[in-house]
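Colleague: sharing a model prediction with you, sequence too.
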Amino acid sequence: MEKIFNNTQVAFSLKSDTELDRAYFLFKLIDNQPLVRIGTAVTNFAIKAHLPVEGLIRATVFDHFCGGVNENDCLPVVDKMFTKGVSSVLDYSVEGKEEEEQFDAALEMTLKTIHFAEERQSIPFAVFKPTGFGRFELYEKLGEKIPLSDEEQSEWDRVVARFDIVCKAAHDKNVALLIDGEESWMQDAADELVAEMMKKYNKEKAIVFNTLQMYRWDRLDYLKKLHEQSKSDGFFIGMKLVRGAYMEKEIKRAEEKGYPSPICASKEATDINYDAAVLYMVEHLETMAIFAGTHNEESSYKLMDLMLHNKIDKNDNRIWFGQLYGMSDNISYNLAENGYNVAKYLPFGPVRDVMPYLIRRAEENTSVAGQTSRELTLIKTERDRRKGK
């Protein structure tokens, strides 16, 4: 397999020299763990104290990692990326809301993004988080088989209704719908609900996609069990495969509560688990569709190899590669340049409301070994190339 991810000219073709300099500055900051911790604390304080920091945040970290403050604000970014063959997934990244009216607002926003996607070839997927539609504690209780009170049952019925409204809209408009994965102790209830939606709306093809976080050692077994269910109930499986986003929180909770950690014993074990899930899905592609959400070059090459050896077209709509906006452009743009289906997660929302997401992103970058230094090396290579060095 030809190595394509070192082509920085393709990777950063949309970035001006100024944007490249800003990216270098940001990743330099993120590379410094103490600075990330201090910056996070200061930012949180400034937002809570209503200090006028939105302009500064917008001009730096927000514009690098987000598409805009609302869906229309994202369109110039969407259109620009699509000129290079990179599609967008509009991700309303407002986190930590707990009120019914906020869940209804998230539902309306998701329906709006489905409508947006229906109208635009450049937006092939819509997305939402389970906790965008209902309280975390409710999922947790159900997952632990704790009986709900009558009031909680009514609340859960509303969560189910929100899922159904969105999945039906996605089905009716023929827009694939990604449902994000979250913490393991709430995920069982979400998995059960998403499986019900697949059973209902994935009769002809994969419309509803769940997410498997492959740093969990039990996820491949879950996929195989779901496959058995899909065969007996007659539905297609859509799955976004990622390594995972809550590792430190997962390990800490397992230690505190005295149960075995759900996380693989090592980074290598996670990589093996991820690649095994990709292989399993490719082997059963007649009834499955994959959204390979990875910033890992090796895993991307492995999937490209599998496609080649199984004579699967590069643009087969059942296989998509996905990365986050503002990261791994060397993977996204070089894959698109070579004819593969690629979509960037494009977060959006009011600056203040999206800050928890951005802070989590910065913290994740500092905890993933080599991720930030890889970004820095690629940006430096491109700056040097442009200067003719």
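Modeller: Everything's here; your move.

Colleague: going forward, measure contacts and count neighbours with C-alpha atoms only.
Modeller: Will do.

Colleague: all helices of the stretch 1-150 of the chain, in order?
Modeller: 8-11, 17-30, 33-48, 54-57, 63-65, 71-82, 100-119, 136-143, 150-173 (DSSP state H, counting those that start in this stretch).

Colleague: ok, now the stretch 201-350 of the chain?
Modeller: 219-233, 247-257, 267-283, 297-309, 329-337.

Colleague: got CSV for those helices, with mean neighbour count, mean pLDDT and distance to Ala206 too?
Modeller: Formatted as CSV, the helices of the stretch 201-350 of the chain follow (neighbours: other CA atoms under 10 Å; pLDDT from 0 to 100; distance: least, CA to CA, whole Å):
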stretch, mean neighbour count, mean pLDDT, distance to Ala206
helix 219-233, 15, 98, 11
helix 247-257, 13, 93, 28
helix 267-283, 18, 97, 13
helix 297-309, 16, 98, 19
helix 329-337, 24, 98, 22
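
Colleague: could you dump these to CSV with distance to Glu98?
Modeller: Output for the helices of the stretch 201-350 of the chain, formatted as CSV (distance: least, CA to CA, whole Å):
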stretch, distance to Glu98
helix 219-233, 28
helix 247-257, 20
helix 267-283, 32
helix 297-309, 36
helix 329-337, 34
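
Colleague: please name whichever of the ones you listed is nearest to Glu100.
Modeller: helix 247-257 (26.1 Å; CA to CA).

Colleague: show residues contacting that closest one.
Modeller: Here helix 247-257 makes contact (CA atoms under 8 Å, 6 or more residues apart in numbering) with Glu183, Ser184, Tyr215, Pro260, Ser261, Pro262, Ile263.

Colleague: can you show me the CA trace of that helix as CSV?
Modeller: What follows is helix 247-257, C-alpha atoms only, in CSV (Å, rounded to 0.1, in the frame of the first residue of the first chain):
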residue,chain,number,x,y,z
MET,A,247,-10.5,6.7,29.0
GLU,A,248,-9.2,8.5,32.1
LYS,A,249,-12.8,8.9,33.5
GLU,A,250,-13.5,5.2,32.8
ILE,A,251,-10.4,3.9,34.6
LYS,A,252,-10.9,6.3,37.6
ARG,A,253,-14.5,5.2,38.1
ALA,A,254,-13.6,1.5,37.9
GLU,A,255,-11.0,2.0,40.6
GLU,A,256,-13.3,4.0,42.8
LYS,A,257,-16.2,1.5,42.6
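
Colleague: so, low pLDDT: which residues of the chain?
Modeller: 34-36, 38-39, 96, 361-369, 389 (pLDDT under 70).

Colleague: same thing but 50
Modeller: Scanning the chain for pLDDT under 50 picks out nothing.

Colleague: ok, back up a step: mean neighbour count, the helices of the stretch 1-150 of the chain: which tops it?
Modeller: Scoring those by mean neighbour count under mean count of other CA atoms under 10 Å gives helix 8-11 as the most buried, with a mean of 21.

Colleague: and the end-to-end length of stretch 315-330?
Modeller: 19 Å (CA to CA, to the nearest Å).

Colleague: widest-spaced pair of the contacts of helix 247-257?
Modeller: Spatial extent of the contacts of helix 247-257 (CA to CA) is set by the pair Glu183 and Pro260 at 14.8 Å.

Colleague: out of these two, which sits in the busier spot?
Modeller: The residue with more neighbours, out of Glu183 and Pro260, is Glu183; 16 against 10, by other CA atoms under 10 Å.

Colleague: that one and Ala126, how far apart?
Modeller: Distance, Glu183 to Ala126, using CA to CA: 21 Å.

Colleague: do Leu107 as well
Modeller: 12 Å.

Colleague: same thing with Gly143?
Modeller: Computed as CA to CA, the Gly143 to Ala126 distance reads 26 Å.

Colleague: ditto for Met239
Modeller: 14 Å.

Colleague: then Tyr340?
Modeller: With CA to CA as the criterion, Tyr340 and Ala126 are 19 Å apart.

Colleague: okay, now the residue lying closest to Phe103 once chain neighbours are set aside: neighbour count?
Modeller: Nearest non-adjacent residue to Phe103, counting by CA to CA, 6 or more residues apart in numbering: Phe133, 4.7 Å away. Phe133 has 26 neighbouring residues, counting by other CA under 10 Å.

Colleague: surely Phe133 touches Ala161?
Modeller: No - the pair Phe133 / Ala161 is not scored as a contact, 9.5 Å apart, by CA atoms under 8 Å.
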